[in-house]
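J.: Need a 3D model of the sequence below.
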Amino acid sequence: MSEEFPSPQLIDDLEEHPQHDNARVVKDLLAGTAGGIAQVLVGQPFDTTKVRLQTSSTPTTAMEVVRKLLANEGPRGFYKGTLTPLIGVGACVSLQFGVNEAMKRFFHHRNADMSSTLSLPQYYACGVTGGIVNSFLASPIEHVRIRLQTQTGSGTNAEFKGPLECIKKLRHNKALLRGLTPTILREGHGCGTYFLVYEALIANQMNKRRGLERKDIPAWKLCIFGALSGTALWLMVYPLDVIKSVMQTDNLQEPKFGNSISSVAKTLYANGGIGAFFKGFGPTMLRAAPANGTTFATFELAMRLLG
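T.: Here you go, the predicted structure:
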């Protein structure tokens, strides 16, 4: 594979827009928000199943989790705690895509020849930066979502009556940012891989047909490219996500798994071997394709509508 690709910038040529184009930044953020909302609506049932598998204290299967959830909570149980990710993931994806696009413009202007090419390491660095910046927003949002997803009580028996009460209790226990370190590692390397694979696929498509513009790539191909990118992301970082989920569902006052990546990893390995780091892997991979295909297609189409 070539080390360089024609710049797969969204619609317009980078040279026609200043590096600090405020209107462009707003478009990036709005389109990212649309992509994030679409991701939640498509992926939430898979995510709920994944989290319950990851945090189960006894061996179980995805089908068993789904059966129990339907029996005890009904279909609405799959969307428990959806309000938090609907707002939060929209913001997170908006930040990811916004920073990624800004970094692409930065590298374009930084390149000595001012050509419209970025190297593979530059595309990776764009995604890493977006992922790390997003981590500080994603970590507390995911913590609240996971607490709401995994509580089995409802009504007066629920530990948390809603996201605001959950945030209040987490702050009271100084645990709102628990899991931040594995989130940074997951988001950094994961988003680097995520955007690198997607941009490489876009550029390869443009290479096949000279004169093809990004805006002319059909939505179904954008979905496929996004699906492959999302799959690549989770293949790279899944064990880190398991560690993060365990940390964020552990006892608030006296965490039995500890508060570091190494302590959680040691306990998981002692209790379940290598397999413990891949609990919930099936639902995650089933979710990766439709959720991320929808995310990228929605982002691209939203940018086309915004002009």
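
J.: now the helices for the stretch 101-250 of the chain?
T.: 120-150, 163-172, 180-208, 219-249 (DSSP state H, counting those that start in this stretch).

J.: just the CA coordinates of the shortest one, formatted as PDB?
T.: Just to be clear, that refers to helix 163-172. Written as PDB, here are the backbone C-alpha positions of helix 163-172 (Å, rounded to 0.1, in the frame of the first residue of the first chain):
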ATOM      1  CA  PRO A 163     -28.300  10.300  35.200                       C
ATOM      2  CA  LEU A 164     -28.200  13.400  37.400                       C
ATOM      3  CA  GLU A 165     -28.500  11.400  40.600                       C
ATOM      4  CA  CYS A 166     -25.800   9.000  39.200                       C
ATOM      5  CA  ILE A 167     -23.500  11.900  38.600                       C
ATOM      6  CA  LYS A 168     -24.100  13.300  42.100                       C
ATOM      7  CA  LYS A 169     -23.300  10.000  43.700                       C
ATOM      8  CA  LEU A 170     -20.200   9.400  41.600                       C
ATOM      9  CA  ARG A 171     -18.900  12.900  42.500                       C
ATOM     10  CA  HIS A 172     -19.700  12.300  46.200                       C
END
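
J.: packing partners for it?
T.: helix 120-150 (3 or more Cβ pairs under 8 Å, 6 or more residues apart in numbering; DSSP states H and E). For glycine as for every other residue, the C-beta is placed from the backbone atoms N, C-alpha and C.

J.: buried stuff in the helix it packs on?
T.: 120, 122-135, 137-150 (16 or more other Cβ atoms under 10 Å).

J.: same thing with stretch 201-209?
T.: Applying 16+ other Cβ under 10 Å to stretch 201-209 flags 201-203, 205-206 as buried.

J.: what is the rounded mean pLDDT of stretch 262-281?
T.: Mean pLDDT, stretch 262-281: 94.

J.: same deal with stretch 230-249?
T.: Throughout stretch 230-249, pLDDT has a mean value of 95.

J.: re earlier: mind giving me TSV with the helices of the stretch 101-250 of the chain and columns for distance to residue 293?
T.: Shown next, in TSV, are these (distance: least, Cβ to Cβ, whole Å):
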stretch	distance to residue 293
helix 120-150	17
helix 163-172	28
helix 180-208	10
helix 219-249	4
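
J.: quick one: which of those helices is nearest residue 80?
T.: Proximity to residue 80 (Cβ to Cβ) singles out helix 120-150 among those, at 5.7 Å.

J.: Tell me which residues are up against stretch 295-304.
T.: 10-11, 27-28, 30-32, 34-36, 38-39, 93, 97, 198, 214-215, 217, 219, 222-223, 225-226, 229-230 (Cβ atoms under 8 Å, 6 or more residues apart in numbering).

J.: how about a cut-off of 7 Å?
T.: 10-11, 27, 30-32, 34-35, 38-39, 93, 97, 198, 215, 219, 222-223, 225-226, 229 (Cβ atoms under 7 Å, 6 or more residues apart in numbering).

J.: Centre of the chain to that stretch, how far?
T.: 16 Å (Cα atoms, centre = their mean, to the nearest Å).

J.: same deal with stretch 143-156?
T.: Using Cα atoms, centre = their mean, the offset of stretch 143-156 from its chain centre is 20 Å.
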